[in-house]
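Asker: let's see this in three dimensions:
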Amino acid sequence: QQIIEVSATQLPPIQSEPFGPSFAQLFPRVYFAPSAFSFDKTQGDMSTWQKYGEWQYDLLNGRDQLTEPFKSKLTANCGTDREKVKAVYDYLAKTTRYVSIQLGIGGLQPIAATDVCRTGFGDCKGLSNYTRAMLNELGIPSTYTVISTTNERLLPDFSSANQMNHVILQVPLPQDTLWLECTNPQLPFGYVHQDIAGHDALLIEPTGGRMYRLPTYPDSLNTQQITARISLSPTAEAKIEVNEVSRLFQYENEAGIVYLEPNKQKDRIRSNINLSQADILRLQISECKEASPSITFNYTAGSNQYGHKTGNRLFIPVNVFRKGFSVPHVTKRTHPIHVNFGYADTDSIRIQLPERYAIEGLPRPVELKSKFGSFHSSVQVKEEEVLVVHSLWMRKGIYAPEEYASFLDFRKQIAEQYNNKIILKRI
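Answerer: Below is the predicted model:
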């Protein structure tokens with residue numbers, strides 16, 4: 001009998017820092033994994049990822065059979081394999097639901113496809129394996145894929161089961177490789193969501209395990225575009241008409257609104273507007289569930305207090321749509337800066353001047369460029385309107401602690417522009 005003891009003493013406390021690494025990256029970790037092993041009447045070898053994959057593949061043996069042929073009528077009108085895969089994906093969304101099932105060999109073996117078909121539920125392993133079985137009936141090969149939704153990287157020279165916590169399905173079509181999130185087929189078909197995009201995965205193939213890095217999207221494509229027209233009265237009342245379009249990762253952040261009740265949807269929109277008083281009078285939501293998905297909000301908002309009046313002056317906000325942009329209060333830094341999400345925001349806001357008011361003060365134009373991204377701000381007067389244009393690009397990356405002051409300064413300058421005021425004077 002061999003006993004291995006691991007201990008750690010005098011570990012200093014770790015304080016959470018804004019834009020910091022996860023605690024899993026900060027605490028010491030020890031991984032244990034057997035090389036050759038026997039587990040629940042199976043024999044395996046975990047000395048390499050390839051060997052681990054061999055054992056995992058054996059656990060799938062016989063579990064992708066269906067008691068009756070898959071209903072091919074669902075794909076009768078499909079002209080391509082991609083269309084057939086989408087039909088299966090849509091069928092999965094209509095007929096199954098996710099239930100966490102940690103049964104079987106350490107929670108590593110999926111329940112049989114026949115059981116998922118019969119009961120209508122399964123976990124990530126079972127649903128992915130069931131989808132694999134349906135595609136197999138159509139003659140479309142697919143690969144059971146193990147991945148982590150929290151760790152972007154797997155240790156390349158140390159294989160262990162506890163580095164992954166999720167299963168998806170790879171479908172390698174001739175012109176495109178699809179990654180199916182069978183646990184949540186409400187996600188758009190062909191879209192690679194944030195929890196797996198760019199992550200290392202292990203393809204479970206007949207020859208064993210093979211590491212593969214999933215694709216991700218350029219920061220510049222994770223966009224949100226806001227176009228707004230604001231009509232102001234002399235008493236600072238406002239009518240606000242807004243068109244907001246969010247794409248890819250920004251779509252994913254907003255898409256949950258479609259499952260809310262109408263009043264809750266309006267509350268969600270209202271919570272993102274930086275006004276103490278605002279009523280959402282009309283809201284239309286349009287979701288484009290394609291491989292490059294988007295969601296569009298068209299709404300009208302009313303406010304009895306857009307800015308504030310002092311004497312014969314009105315102080316009105318430049319941009320009320322970036323309430324969520326924050327500047328950390330913590331100024332000291334120990335750990336690297338992690339910007340985990342790159343994106344691009346563009347705002348075009350037209351503010352119609354109230355009668356008998358003229359411009360007294362406008363923010364100056366600003367151009368910022370740094371390793372963290374870039375920002376553009378311009379505020380111009382055109383006839384009886386003020387046109388505000390804000391454009392922000394934030395770059396995903398990891399930066400040294402010594403750059404924290406520059407990082408804070410970059411965000412502070414952007415926040416100042418978002419929170420700036422236009423001064424109007426009564427004439």
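
Asker: C-alpha only now, for contacts and for neighbours.
Answerer: Noted.

Asker: pLDDT below threshold where in the protein?
Answerer: The model of the chain has pLDDT under 70 over residues 70-72, 103-104, 106.

Asker: now the helices for the stretch 251-400 of the chain?
Answerer: Applying DSSP state H, counting those that start in this stretch to the stretch 251-400 of the chain gives helices spanning 262-271.

Asker: okay, strands next: where are they in it?
Answerer: Assigned by DSSP state E, counting those that start in this stretch, the stretch 251-400 of the chain shows strands spanning 279-288, 294-303, 308-310, 313-317, 337-339, 343-352, 357-361, 366-370, 373-382, 385-394, 397-399.

Asker: try the stretch 101-250 of the chain
Answerer: Per DSSP E, counting those that start in this stretch, the stretch 101-250 of the chain carries strands over the ranges 121-122, 143-147, 166-172, 177-180, 200-205, 208-213, 223-232, 238-247.

Asker: as TSV, those with mean neighbour count and distance to residue 269 would be great.
Answerer: Compiled in TSV, those are given as follows (neighbours: other Cα atoms under 10 Å; distance: least, Cα to Cα, whole Å):
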stretch	mean neighbour count	distance to residue 269
strand 121-122	23	34
strand 143-147	23	34
strand 166-172	21	32
strand 177-180	21	30
strand 200-205	24	35
strand 208-213	18	36
strand 223-232	20	13
strand 238-247	20	11
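
Asker: for residue 382, find the nearest of those.
Answerer: Nearest to residue 382 among the strands of the stretch 101-250 of the chain is strand 223-232 (13.6 Å), distances taken as Cα to Cα.

Asker: quick one: the closest one to strand 385-394, angle?
Answerer: Strand 223-232 and strand 385-394 are oriented at 160 degrees to each other (axes from the mean of the first three to the mean of the last three Cα atoms, to 10 degrees).

Asker: what sits up against strand 223-232?
Answerer: Under the criterion Cα atoms under 8 Å, 6 or more residues apart in numbering, residues 238-250, 306, 343-354 lie in contact with strand 223-232.

Asker: number of nearby residues for residue 62?
Answerer: Neighbour count of residue 62, defined by other Cα atoms under 10 Å: 10.

Asker: identify the residues contacting residue 270.
Answerer: 278, 279, 280.

Asker: got the contact list for the first one?
Answerer: Contacts for residue 278 were tallied using Cα under 8 Å, 6+ apart; they are 270, 301, 302, 303, 304.

Asker: for residue 202, list the residues it contacts.
Answerer: Contacts of residue 202 (Cα under 8 Å, 6+ apart): 49, 53, 145, 146, 147, 209, 210, 211, 212.

Asker: if we use 10 Å, what do you get?
Answerer: 49-50, 52-53, 143-148, 154, 164, 167, 208-213 (Cα atoms under 10 Å, 6 or more residues apart in numbering).

Asker: now it, nearest residue through space, not along the chain?
Answerer: With sequence-adjacent residues excluded and distances taken as Cα to Cα, 6 or more residues apart in numbering, residue 202 is closest to residue 211, at 4.6 Å.

Asker: quick revisit: I'd like the contacts of residue 278 as CSV, with distance to residue 203 appended.
Answerer: Formatted as CSV, these follow (distance: Cα to Cα, whole Å):
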residue, distance to residue 203
270, 44
301, 49
302, 53
303, 54
304, 58
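
Asker: which one of those residues is nearest residue 322?
Answerer: residue 270 (12.0 Å).

Asker: now the closest one: how far from residue 392?
Answerer: Distance, residue 270 to residue 392, by Cα to Cα, to the nearest Å: 22 Å.

Asker: check contacts around the nearest residue to residue 200 once chain neighbours are set aside.
Answerer: Nearest non-adjacent residue to residue 200, counting by Cα to Cα, 6+ apart: residue 213, 4.3 Å away. By Cα under 10 Å, 6+ apart, the contact set of residue 213 is 147, 152, 153, 154, 196, 197, 198, 199, 200, 201, 202, 203.

Asker: ok so residue 86 is a strand residue?
Answerer: No - Residue 86 is assigned helix when assessed by DSSP: H, G, I helix; E, B strand; the rest coil, not a strand.

Asker: burial of it, as a residue count?
Answerer: The number of residues packed near residue 86 is 17, by other Cα under 10 Å.

Asker: that one contacts residue 79, correct?
Answerer: No - Residue 86 is beyond contact range of residue 79, at 11.6 Å (criterion: Cα atoms under 10 Å).

Asker: which one of the strands of the stretch 101-250 of the chain lies closest to residue 186?
Answerer: Taking Cα to Cα, strand 177-180 is the member of those nearest to residue 186, at 10.8 Å.

Asker: re the thing from before, CSV for the strands of the stretch 251-400 of the chain, including mean neighbour count and distance to residue 418?
Answerer: Converted to CSV, those look like this (neighbours: other Cα under 10 Å; distance: least, Cα to Cα, whole Å):
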stretch, mean neighbour count, distance to residue 418
strand 279-288, 14, 21
strand 294-303, 20, 19
strand 308-310, 13, 17
strand 313-317, 20, 8
strand 337-339, 18, 20
strand 343-352, 20, 10
strand 357-361, 15, 16
strand 366-370, 12, 11
strand 373-382, 17, 9
strand 385-394, 19, 8
strand 397-399, 15, 23
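
Asker: switch those over to TSV; also include distance to residue 44.
Answerer: Formatted as TSV, those follow (distance: least, Cα to Cα, whole Å):
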stretch	distance to residue 44
strand 279-288	45
strand 294-303	45
strand 308-310	71
strand 313-317	65
strand 337-339	38
strand 343-352	44
strand 357-361	74
strand 366-370	51
strand 373-382	48
strand 385-394	46
strand 397-399	38
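
Asker: which one, of those, ends up nearest to residue 171?
Answerer: Among these, the nearest to residue 171 by Cα to Cα is strand 279-288 (22.4 Å).

Asker: counting contacts, what elements does the closest one pack onto?
Answerer: Packing partners of strand 279-288 (3 or more Cα pairs under 10 Å, 6 or more residues apart in numbering; DSSP states H and E): strand 238-247, helix 262-271, strand 294-303.

Asker: repeat that for 8 Å
Answerer: Judged by 3 or more Cα pairs under 8 Å, 6 or more residues apart in numbering; DSSP states H and E, strand 279-288 is in contact with helix 262-271, strand 294-303.

Asker: so what does residue 33 look like in phi/psi?
Answerer: phi -150, psi 140 (degrees, to the nearest 10).

Asker: skip the chain neighbours and tell me the closest residue to it.
Answerer: Nearest one to residue 33, counting by Cα to Cα, 6+ apart, is residue 160 at 5.6 Å.

Asker: who's in contact with the one you found?
Answerer: By Cα under 8 Å, 6+ apart, residue 160 lies in contact with 31, 32, 33, 46, 49, 52.
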